[in-house]
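Enquirer: here is my input; please provide its structure:
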Amino acid sequence: MRIFHVITLSSVGGAQSVVVNLANRQVLDNEVYVISSADGEAWKALDPRVRTIGIKQLHREISWRDAFVLLRLIWCRLRLRPDIVHLHSSKIGALGRIAFAPRKTLYTVHGFDSIRVANRKFLGIEKRLQRRCSAIVGVSRYDLDNLRAEGITHNVSFVYNGIADCGPGAETASPQAAARLKELRTRYEKIVMCIARDDAPKRMDLFLDTAARFPQYAFVWVGNGRDYDKPDNAVLLGRIPMADRLLDQADLFMLCSDFEGLPMSIIEALSHGKPVVASAVGGIAELLDGTNGHAVENRPEAFAEKIEAIFADDGRYETMSHAARATYERSFTIDSMEDGYRKIYDRINRK
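Expert: Coordinates of the predicted model:
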């Protein structure tokens, strides 16, 4: 098959990680293209056999340039004739459903709260376009339930995100960052890590407030694009490709957010056997059940309580670490994600 993965941005992020994992697996037996904005960092992890097409006019913001994006997508459809078009993210989900044949198209909603809660003004567009594709896929039961509750019911389902297992000790893209973490290990009892962009919904403020409560631990954020006033034990490493490879040197993963789909960063932490404390938003409660980590309210006191409890007992920590790895192996591998999407692709091709 000739498969298109189409996504708005080529910067590193959770949805981009889904695209990388799927494309790298699918290119073993198919011809795979990734179409997105140009000049981003996300595609450095793609298999060299995956072909990329950058559209320089494609940006997150809505503008008159989107007319050129639409024409470019139509050109790709006519010139390359894909068998499957897999759309990722809300903006390209709208443009792509206009540009490509509905019969061949599926659209993955990477966190419906980004529309339902944060950008509700676009909900009407989602409803009107729901029949312009063969399948709408959420990344959690939470997304599926909310899609249906908002009247988006045409061929909706969900597929959990999954990742390839890089294994312990995999080489990182940043030896400097790895060296910095080793140095922190000599000065702090534990390392609490977050991997996320520092967009407003990711709540850097909550991360730093929690860090201030534990001066004996290092709190490390990977993925920030700017500096902040912070306590001495908070370390901001900036944007690093393949940042998940640094998780081997963390003791616990922390993610604060106002809304989420099914965060790839949490799945990556689970695959490394790291207990997680994260905001109880989106599908996070479907990842964390108390044995492998905790989903908590967005208050520093709530995060601090669970972090303190996990680190207070070495035996409990070890048990949670094993449970984290078992959760990944049971439900969130690349095999399980690819199998879920393959069934949808096969259904589309039978039409």
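Enquirer: how about low-confidence regions in the chain?
Expert: 167-173 (pLDDT under 70).
Enquirer: give the other helices and strands that the helix or strand encompassing Lys306 contacts.
Expert: Applying DSSP states H and E as the criterion places Lys306 in helix 300-312. Helices and strands touching helix 300-312, by 3 or more C-beta pairs under 8 Å, 6 or more residues apart in numbering; DSSP states H and E, are helix 204-212, strand 252-255, strand 276-279, strand 293-296, helix 314-331. No exception for glycine: its C-beta is placed from N, CA and C like everyone else's.
Enquirer: select, out of these, the one closest to Arg347.
Expert: helix 314-331 (21.7 Å; C-beta to C-beta).
Enquirer: what angle do that closest one and helix 300-312 make?
Expert: Between helix 314-331 and helix 300-312, the angle comes out at 100 degrees (axes from the mean of the first three to the mean of the last three C-alpha atoms, to 10 degrees).
Enquirer: contacts for helix 314-331, please.
Expert: Contacts of helix 314-331 with the rest of the structure, by C-beta atoms under 8 Å, 6 or more residues apart in numbering, involve 160, 165, 251, 267, 269-276, 287, 289, 291-293, 309-311.
Enquirer: can I see the domain layout of the chain?
Expert: The chain breaks down by automatic domain parsing into domains covering 2-163+333-349, 175-331.
Enquirer: how about the ones you listed in a markdown table, adding mean neighbour count?
Expert: Formatted as a markdown table, these follow (neighbours: other C-beta atoms under 10 Å):
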| stretch | mean neighbour count |
| --- | --- |
| domain 2-163+333-349 | 19 |
| domain 175-331 | 19 |
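Enquirer: out of the helices and strands packed on helix 300-312, which is closest to Gly124?
Expert: strand 276-279 (27.8 Å).
Enquirer: after the closest one, which helix or strand is next? Please name it.
Expert: According to DSSP H and E, the helix or strand after strand 276-279 is helix 284-287.
Enquirer: which strands or helices does that following helix pack on?
Expert: Short answer (3+ C-beta pairs under 8 Å, 6+ apart): helix 284-287 packs on helix 141-149, helix 264-271, strand 276-279, strand 293-296.
Enquirer: adding distance to Leu247, write those out as CSV.
Expert: CSV is the format used below for those (distance: least, C-beta to C-beta, whole Å):
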stretch, distance to Leu247
helix 141-149, 25
helix 264-271, 6
strand 276-279, 11
strand 293-296, 13
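Enquirer: now for these, which one comes closest to Ala67?
Expert: That would be helix 141-149 among the helices and strands packed on helix 284-287, by C-beta to C-beta, at 28.5 Å.
Enquirer: after the closest one, which helix or strand is next? Please name it.
Expert: Counting by DSSP H and E, what follows helix 141-149 is strand 156-158.
Enquirer: strands paired with that following strand, and their directions?
Expert: Here strand 156-158 has these sheet partners by DSSP bridges: strand 135-138 (parallel).
Enquirer: quick one, helices of this protein?
Expert: 14-26, 66-80, 90-99, 113-116, 123-129, 141-149, 175-185, 204-212, 264-271, 284-287, 300-312, 314-331, 334-349 (DSSP state H).
Enquirer: how much space between Ala212 and Lys182?
Expert: Applying C-beta to C-beta, to the nearest Å, the value for Ala212 to Lys182 is 24 Å.
Enquirer: now swap in Gly223 and tell me
Expert: Gly223 is 20 Å from Lys182, by C-beta to C-beta.
Enquirer: how about Ile152?
Expert: 48 Å.
Enquirer: returning to that earlier point: now the angle from the helix holding Lys306 to helix 204-212?
Expert: Counting by the same axes, to 10 degrees, helix 300-312 lies at 50 degrees to helix 204-212.
Enquirer: and the contacts of helix 300-312?
Expert: Helix 300-312 has contacts (C-beta under 8 Å, 6+ apart) with 189-190, 192, 206, 209-210, 213-214, 217, 251-252, 254, 256, 275, 277, 294, 296, 316-317, 320.
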